[in-house]
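*Asks:* Fold the following, please.
(chains A and B, ligands or ions: 2)
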Number of protein chains: 2
Amino acid sequence: MELIFLGTGAGVPAKERNVSATALKWTERKGRTWLFDCGEATQHQILHSPVKLGKVDHIWITHLHGDHLFGLPGVLGSRSFQEAETPLTLFGPEGLRRFVDTVLTVSQTHLRYECEVREVTSGVVYEDDDVRVICAELDHGIPCFGYRIEEKDRPGSLRTDLLQALGVPPGPLYRRLKAGEDVRLPDGRMIRAREVLGPPKRGRIVTILGDTRPTEAAVRLASQADVLVHEATYRAREAALAVKHGHATTVDAARTAERAGVRTLILNHISPRYGVEDEPELLAEARAIFPETYVARDGWCYSVISRD
Amino acid sequence: MELIFLGTGAGVPAKERNVSATALKWTERKGRTWLFDCGEATQHQILHSPVKLGKVDHIWITHLHGDHLFGLPGVLGSRSFQEAETPLTLFGPEGLRRFVDTVLTVSQTHLRYECEVREVTSGVVYEDDDVRVICAELDHGIPCFGYRIEEKDRPGSLRTDLLQALGVPPGPLYRRLKAGEDVRLPDGRMIRAREVLGPPKRGRIVTILGDTRPTEAAVRLASQADVLVHEATYRAREAALAVKHGHATTVDAARTAERAGVRTLILNHISPRYGVEDEPELLAEARAIFPETYVARDGWCYSVISRD
Ligand SMILES: [Zn+2]
Ligand SMILES: [Zn+2]
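*Replies:* Ligands and ions are numbered 1, 2, ... in the order given. Model prediction:
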């Protein structure tokens, strides 16, 4: 599981940071990739990244401001141009469907693949065998969501040392025990799966938030997350501007991370007023409150390692 | 008058060529700039160019395919973000208004300036004291226009040598003669403007076409132009593909240039299948028919020099 930061700036593209887009690449699942937000020129950033457009099967839009949205039409069109034929699902606030429909119709873009738009409100918005996604509304002036991606816990490893001591020979029984099934041996003994499995492997949790002022919803979405990706449009002394424009400062992000008990905080959505030379200060402000903080840069990859 | 090629590729962005956008900078008119087409990431290309977004006061869209259109929302938004307050007028085919309205509404983009959309059909679509723009529909499968920008002829220079020989002293009279007015001197003599003015300065003509198969409309729009910017999506041997997809080859472009009697042909909208290493061949194919041909590249500037 890898986060690839494609655009870490705010509002308008700058030479150092493009507008918002973050990829979550499921390295364990054949490189299947999710995109969070899709600012203009996200497809250009992808050209220079390890992300493959054809592998992107879900796109999650936090809110419909242009710096999070205007790259979506190009991503949809180019994914088709590259002859991807697997379905794509888009999640985002109300209005996303109207945007996509109008843009595709007016430009006569005919997609080769099925493209479904799901307008979210809050709660569990996605679930499959491996993952669950929960979203909740933040505080940004317009409908804006945060997404909590919860990998499901996986069964622990089979303790083959124990099985061998019990005289259970390797074979199909092992697979059934591994899957959590209790089995009866030919000699009549009952083997309980929970007795021969190690502790379950905790699924990872990644929380990616849209733009927001500090809010309880952010703390809840980030609770105990392995990684929290949080906007930090402004440095601490611009707190008044942040409140006015519905944004967070470095300090707001760090406080949310601390209260939520996350392992790692990654700041993004940095205002173009700050250059790379300002990064140490942004970082210091957040680290004074939450030491495990990083500032994302365009092109940066971060591996989300399991806690176990 | 300078052409600045911001995006010279076709269909999808490639590392070497972005999707369509061409700026026409009126260096004689305080850098006032017109944009022709606006593919995704045009604002990013502008960041690295001599174009100033705030100076862009007219945007001309040839057709609504995504590679000519999807950068428009970002240009509109960022022009406002940069606090431009002068009006902006957009020209393009029917559907442009719906696109702009939906995109601005859904993204809650509030422009600080007046933004008018004019949906064109054909004929004279713009005229001021200095310039006239004529458009006509091309042959691309969807409504697609070419624009002929005609600078109006300007009066010739005042022949001060002649005036001095006639004993007319420099002063306000000179300005009136220069403007084409006949004047009576204090001693009763009549001086005819046309007798003391050099030959009128021929206005320049620049023709910028949208995507098209060869068509008479293109020849008419380009007639006697100083510069014709023509798509050449394909090389000559892909003529069948070009016809199928509503495009031109290098040879189609050269033939149109020759028939129209233009001075210079600039090829753009080059398919991403061709790299810079293929340029000599593309160029050779066109030059065999029309020697004054160039292939545009992203970032390339071309000064349109007056014929006089
Ligand atoms: Zn926003
Ligand atoms: Zn086209």
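*Asks:* Would you map the helices across the stretch 201-308 of chain A?
*Replies:* Using DSSP state H, counting those that start in this stretch, the helices of the stretch 201-308 of chain A run over A:216-222, A:239-245, A:250-260, A:279-287.
*Asks:* Could you chop chain A up by domain?
*Replies:* Following the assignment in automatic domain parsing, chain A carries domains at A:2-154+A:201-303, A:160-196.
*Asks:* Okay, now the longest one: how far is its last residue from its first?
*Replies:* End-to-end distance for domain A:2-154+A:201-303, by C-alpha to C-alpha, to the nearest Å: 4 Å.
*Asks:* The last one now?
*Replies:* Domain A:160-196 has an end-to-end distance of 8 Å (criterion: C-alpha to C-alpha).
*Asks:* Kindly reformat the domains of chain A as TSV containing mean neighbour count and distance to chain B.
*Replies:* All C-beta spots, glycine's among them, are computed from the backbone N, C-alpha and C. Output for the domains of chain A, formatted as TSV (neighbours: other C-beta atoms under 10 Å in any protein chain shown; distance: least, C-beta to the nearest C-beta, whole Å):
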stretch	mean neighbour count	distance to chain B
domain A:2-154+A:201-303	20	4
domain A:160-196	13	45
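*Asks:* if we can go back for a sec, I'd like the helices of the stretch 201-308 of chain A written out as a markdown table, with distance to residue B:37 and mean pLDDT added.
*Replies:* Converted to a markdown table, these look like this (distance: least, C-beta to C-beta, whole Å; pLDDT from 0 to 100):
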| stretch | distance to residue B:37 | mean pLDDT |
| --- | --- | --- |
| helix A:216-222 | 41 | 98 |
| helix A:239-245 | 32 | 95 |
| helix A:250-260 | 39 | 98 |
| helix A:279-287 | 36 | 97 |
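*Asks:* For stretch A:155-171, which outside residues touch it?
*Replies:* Outside stretch A:155-171, the residues within contact range by C-beta atoms under 8 Å, 6 or more residues apart in numbering or on different chains are A:174, A:177-180, A:185, A:189, A:191, A:195-201.
*Asks:* and which of the residues you listed is nearest ligand 2?
*Replies:* residue A:201 (50.7 Å; C-beta to the ion).
*Asks:* ok, and the closest non-adjacent residue to residue A:4?
*Replies:* Once flanking residues are discounted, residue A:4 sits nearest to residue A:23: 4.2 Å by C-beta to C-beta, 6 or more residues apart in numbering or on different chains.
*Asks:* My error: substitute residue A:68 in the last question.
*Replies:* Nearest to residue A:68 is residue A:37, by C-beta to C-beta, 6+ apart, at 4.2 Å.
*Asks:* What separation do you get for that neighbour and residue B:17?
*Replies:* Using C-beta to C-beta, to the nearest Å, we find residue A:37 at a distance of 26 Å from residue B:17.
*Asks:* Ok, residue A:253 next?
*Replies:* The value you get for residue A:253 to residue B:17, if C-beta to C-beta is used, is 39 Å.
*Asks:* Would you state the predicted confidence (pLDDT) at the residue of chain A most remote from its centre?
*Replies:* Ranking residues of chain A by C-alpha distance from their mean position (C-alpha atoms, centre = their mean) puts residue A:187 at the top, at 49.1 Å. Residue A:187 carries a pLDDT score of 87 in this model.
*Asks:* ok, now residue A:308?
*Replies:* At residue A:308, pLDDT is 68.
*Asks:* Residue A:164 now?
*Replies:* 87.
*Asks:* Where does it fall, secondary structure wise?
*Replies:* helix A:160-165 (DSSP states H and E).
*Asks:* and the following helix or strand past that helix, what does it pack onto?
*Replies:* Sequence order places helix A:172-178 as the next helix or strand after helix A:160-165, per DSSP H and E. Packed against helix A:172-178 by the contact rule (3 or more C-beta pairs under 8 Å, 6 or more residues apart in numbering or on different chains; DSSP states H and E) you find helix A:160-165, strand A:183-184, helix A:193-196.
*Asks:* what's the second one in contact with?
*Replies:* Spelled out, it's strand A:183-184. Counting by C-beta under 8 Å, 6+ apart, A:173, A:176, A:177, A:190, A:191, A:193 sit against strand A:183-184.
*Asks:* can we see that at 6 Å?
*Replies:* With contact meaning C-beta atoms under 6 Å, 6 or more residues apart in numbering or on different chains, strand A:183-184 is reached by A:173, A:176, A:190, A:191.
*Asks:* From those, list the ones also adjacent to ligand 1.
*Replies:* With C-beta under 5 Å from the ion as the criterion, these include none near ligand 1.
*Asks:* Just send the residues you listed back as a markdown table, with pLDDT and distance to residue B:164 too.
*Replies:* Converted to a markdown table, these look like this (pLDDT from 0 to 100; distance: C-beta to C-beta, whole Å):
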| residue | pLDDT | distance to residue B:164 |
| --- | --- | --- |
| A:173 | 84 | 114 |
| A:176 | 87 | 111 |
| A:190 | 90 | 121 |
| A:191 | 90 | 117 |
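*Asks:* Looking at these, which is nearest ligand 2?
*Replies:* Distances from ligand 2 to those, taken by C-beta to the ion, are shortest for residue A:176, at 58.2 Å.
*Asks:* any idea how far the closest one lies from residue A:145?
*Replies:* Per C-beta to C-beta, residue A:176 is found 41 Å from residue A:145.
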